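Asks: Need the 3D shape of this:
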Amino acid sequence: METLAKHRGEPDPAQPFGELQAAALAAVMEAVSDGVVICNRQGVQRCNAAALALLGAGSLDGLQIDAERWPARIALRRERDGPPLAAEDTPMLAALAGRSDVQDLWASHAGSGADVVLHCVALPLVVDHRVEGCIAVFSDLADRLQLRQKRHDLSRVQNLLQESDAELRALLGGVRDYAIYAMDIAGRISSWHPGAQAMMGYSAEEAIGTHFTRLFTEEDRASGRPDAEVALAARQGEYKGEGLRLRKDGSTFDAAVVLTALRGARGEQLGYLKLTQDISGRLSQQRERDAMLAATQAARAEAERASLAKGEFLATISHELRTPLSAMLSWAHVLQRGGVDASTLAHGLAAIARNARIQGQLIEDLLDMSRIEAGQMRLELQRIELGGVIAAAIDSALPAASRKGVGLRTVFSAGSATVLGDAARLQQVLANLLNNAIKFTPKGGQVSVSLTAVESGWQIAVADTGQGIEADFLARMFHRFQQQDGSRTRRHGGLGLGLAIVRHLVQLHGGTVQAQSSGSGQGSTFIVTLPLLCADAGLVFAAAQAQAAAGQAASAQSLHETPPRLDGLRVLLVDDEADMRAVTGQLLRDAGAELCLACSAEEGWAALQAFAAEVIVSDIGMPGVDGYEFVRQLRTRPAAQGGQTPALAFTAYTRPEDRDRALAAGYQQHLGKPATAALLLQALANLGRPPGSTSAPPR
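Replies: Numbers count the residues shown, from 1 in each chain. Next up is the predicted model:
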């Protein structure tokens, strides 16, 4: 088949340069995804497989462009259901007539009847001011989202046609998604397409004559990757792959490459043609999708783990709460039957009290963890002596140690160990560590508590000779809901919250806590380090916390004193729980108070009409009208109707915000359930007969 080069009288392609040119043109046309058709006035001279597919032609013979046969072979329409274009309006015939043609058209495939939307660009090939042929590029609009850029790129074809090789330069000028360049057998760049300059940053003058390996990273060059790609292309005819490529400014990008070996008519190696596409955006999107998928899978796994942990936690808490509850109910049933002797009665009451304390501690641990997670844990800071805090914690732990037969000893360094902290919370820390040590130490074992001075402050160590800690559990033992033995056959109960609370409380004091153990059966040591007290800080906090400290001391003292009497004090008790109302009422009657009971806010308001109460005790969580609204409406009444009567909120809502809300509603004091008889009676005595009062208030 004659080529356009022959029609223009240009060099014979059979010559080496012409062969390289023809091979390069063929390789480029087959590499691009757009359909490309080159024709002269005698007909179609060259096209690629993409053009045959897009136009529905089975072979080159199906692309006749004469006025009689074109419309019959391939029907082109401006609209899907519109009439076929006249022959002279088809893109290539228009270009042969000297008109550049750019339009979107519908193509109906004669064989399959399928319709495709095409973006068509047809440009005349002008040689010596005469149209010798045309080049048409067909793009499938369904796969192209950047038509504006394509139109701009393809408009460069007409300018490139003025150069020596109009066909090749027109085609290359219309492709801007690729960096295209040729190189000789030695790997030196022999041609440099503008797309390569845009992608790589090198101009044609800078690139031509240099070795293509400069476009690879140093690591790839060291590994011999460039030579391996060339060898594979020479052996198989083509190499396709992906990897990093290097720009002039030193930056890298992800590239997809096609390296084609160019051969002459006799099969001799002429060089190589390389197409490079920047796929950084696609790979970045893929990495983002992979990352999102991994994150989703991780989140799902975490949700499943959390769901499993939640189920296990609920099972554990159910077991831990039911165990003391079962003991209390069983003893209550035994005592209700009557006929028990004094020893059995005392033993049963002690068991009920002990299990009630266990259940109360479990609830307190849950509330503490809730406060910690909500960031609502607060400290009442003051200057405290660690020796006294440790002694109080040991006093509380001695009964448990004695019952189990575990020895307790202390080792204190000389001098005063003063820190800035919350005495109650630090005692909670030490009590928790001591209880754990006693629980996991067998009979005849030893638990020791030492207090020593270190460079950073004071160090409290609780050491035991118990079962020890496995190495893999040491790293997570201060996390919530963690237990070394979480099986149903475990010997020791608990929720796995104690050490998590210990760590948080120590951190709130600016200290650290760590655990040490040589392994199973080797005992363990817990070390709490607290910072030294700064003199200036101590003075500031001592002044700020004086009132709070005095209140705490008074409450603590009341635990060890005989509960006060309430002889003649008129008390209105409002509580919807019958059992709680009965036991609280009995406690107040035993203390000498005159009592009026109400089971709702409405009954409480009505009772005040006939009962001149001196103190009101009210629950908060009640149906209908709660305790907040009860006292708010009470405060709107005149004094004669109880509007100024002091009130105590006695409730199981014990968070700091619950206390603040109760005081804001109109209560004078807030006391959490359960509370000892001494605390309740002292609170009522303070409200009904403030300190300094020597006689009962008038009725």
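Asks: For R632, grab the count of nearby residues.
Replies: Residues near R632, counting by other CB atoms under 10 Å, number 14. Using the backbone N, CA and C atoms, a C-beta is placed for each residue, glycine as well.
Asks: wouldn't it be in contact with G666 here?
Replies: Yes: here R632 reaches G666: they are 5.9 Å apart, a contact under CB atoms under 8 Å.
Asks: Quick one: classify G519 as helix, strand or coil.
Replies: coil (DSSP: H, G, I helix; E, B strand; the rest coil).
Asks: could we number from 47 for the rest of this?
Replies: Sure thing, new numbering starts at 47, so read that last one as G565.
Asks: Need the nearest residue in space to it, chain neighbours excluded.
Replies: Closest residue in space to G565, ignoring its immediate chain neighbours: G514 at 5.5 Å, by CB to CB, 6 or more residues apart in numbering.
Asks: try A463
Replies: Distance criterion CB to CB, 6+ apart; nearest residue to A463, sequence neighbours excluded, is L432 at 4.1 Å.
Asks: how deep is the one you found tucked in, by neighbour count?
Replies: If we define neighbours as other CB under 10 Å, then L432 has 21 of them.
Asks: Report the secondary structure state of the residue nearest to G565.
Replies: coil.
Asks: ok so A659 is a strand residue?
Replies: No: A659 is assigned coil when assessed by three-state DSSP, not a strand.
Asks: The helix ranked longest in the chain packs against which elements?
Replies: The longest helix of the chain (DSSP state H) is helix 326-383. Secondary-structure packing of helix 326-383 (3 or more CB pairs under 8 Å, 6 or more residues apart in numbering; DSSP states H and E): strand 298-309, helix 388-419.
Asks: tell me the most buried of those?
Replies: With neighbours taken as mean count of other CB atoms under 10 Å, the helices and strands packed on helix 326-383 reach their highest mean count in strand 298-309, at a mean of 19.
Asks: That one pairs with which strands, and in what direction?
Replies: The pairing partners recorded for strand 298-309 under DSSP bridges are strand 284-292 (antiparallel), strand 315-324 (antiparallel).
Asks: V386: which of these is closest?
Replies: strand 284-292 (86.0 Å; CB to CB).
Asks: what's the angle between the closest one and helix 326-383?
Replies: 80 degrees (axes from the mean of the first three to the mean of the last three CA atoms, to 10 degrees).
Asks: Show me what counts as buried in strand 284-292.
Replies: E284, Y285, R291, L292 (16 or more other CB atoms under 10 Å).
Asks: State the number of residues packed around T369.
Replies: If you count neighbours by other CB under 10 Å, T369 ends up with 15.
Asks: again, but for E649
Replies: E649: 15 surrounding residues under other CB under 10 Å.
Asks: Wait, it touches D621, no?
Replies: No: the criterion here is CB under 8 Å, and E649 misses it with D621 at 10.5 Å.
Asks: pLDDT of stretch 128-145, averaged?
Replies: The average of the pLDDT scores along stretch 128-145 is 83.
Asks: Now R471. Nearest residue, chain neighbours left out?
Replies: According to CB to CB, 6+ apart, the nearest residue to R471 is L551 (5.0 Å).
Asks: by contact count, what packs against the helix or strand hosting that neighbour?
Replies: When elements are assigned from DSSP states H and E, L551 belongs to helix 544-554. When contacts are defined as 3+ CB pairs under 8 Å, 6+ apart, helix 544-554 packs onto helix 388-419, helix 469-485, strand 558-562, strand 570-577.
Asks: let's see 10 Å
Replies: helix 388-419, strand 464-467, helix 469-485, strand 558-562, strand 570-577 (3 or more CB pairs under 10 Å, 6 or more residues apart in numbering; DSSP states H and E).
Asks: Mind listing what's buried along stretch 479-494?
Replies: For stretch 479-494, a neighbour-count test (16+ other CB under 10 Å) marks 479-487, 491-494 as buried.
Asks: what's the neighbour count on the residue nearest to R471?
Replies: For L551, using other CB under 10 Å, the count is 23.
Asks: picking that back up, which neighbours do E649 and D621 have in common?
Replies: L643 (CB atoms under 10 Å, 6 or more residues apart in numbering).
Asks: where does the residue nearest to R471 sit relative to A439, distance-wise?
Replies: If you measure L551 against A439 using CB to CB, to the nearest Å, the figure is 13 Å.
Asks: where do the contact lists of those two overlap?
Replies: L472, Q474, V475, N478.
Asks: can I get those residues in TSV with neighbour count, distance to L727 and pLDDT?
Replies: TSV is the format used below for the shared contacts of L551 and A439 (neighbours: other CB atoms under 10 Å; distance: CB to CB, whole Å; pLDDT from 0 to 100):
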residue	neighbour count	distance to L727	pLDDT
L472	25	28	89
Q474	20	25	85
V475	28	30	89
N478	21	29	86
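Asks: circling back to that earlier point, which pLDDT value goes with the residue nearest to G565?
Replies: pLDDT at G514 comes out at 83.
Asks: same question, the one 10 residues further on
Replies: pLDDT, the model's per-residue confidence, is 78 for F524.
Asks: now do the one 4 residues further on
Replies: In the predicted model, Q528 carries a pLDDT score of 56.
Asks: State the distance from Q407 to L360.
Replies: 19 Å.
Asks: which intervals of the stretch 397-546 of the chain have sub-threshold pLDDT?
Replies: 422, 459-461, 522, 526-542 (pLDDT under 70).
Asks: hmm, who's touching stretch 403-422?
Replies: Contacts for stretch 403-422 (CB under 10 Å, 6+ apart): 363, 366-371, 373-374, 423-424, 471, 474, 477-478, 481, 526-527, 539-544, 546-547, 549-551, 553-554, 698, 700-703, 718-720.
Asks: give me that answer again for 8 Å
Replies: Defining contact as CB atoms under 8 Å, 6 or more residues apart in numbering, one finds that stretch 403-422 is touched by 363, 366-367, 370-371, 374, 423, 526, 541, 543-544, 546-547, 550, 700-703, 720.
Asks: State the distance from A477 to L425.
Replies: A477 sits at a distance of 16 Å from L425 (criterion: CB to CB).
Asks: which of those two has more neighbours?
Replies: Neighbour count, other CB under 10 Å: between A477 and L425, A477 has more, with 20 against 16.
Asks: ok, the more buried one - contacts?
Replies: A477 touches A439, S442, A443, counting by CB under 8 Å, 6+ apart.
Asks: L316: which of the residues you listed is nearest?
Replies: For the contacts of A477, the nearest to L316 is A439 (91.0 Å; CB to CB).
Asks: ok but the closest one is inside a helix, no?
Replies: Yes: counting by three-state DSSP, A439 is found in a helix.
Asks: How many residues are close by the closest residue to G569 other than its chain neighbours?
Replies: What sits nearest to G569 in space, not counting adjacent residues and going by CB to CB, 6+ apart, is T511, at 4.5 Å. Residues contacting T511 under the criterion other CB under 10 Å number 20.
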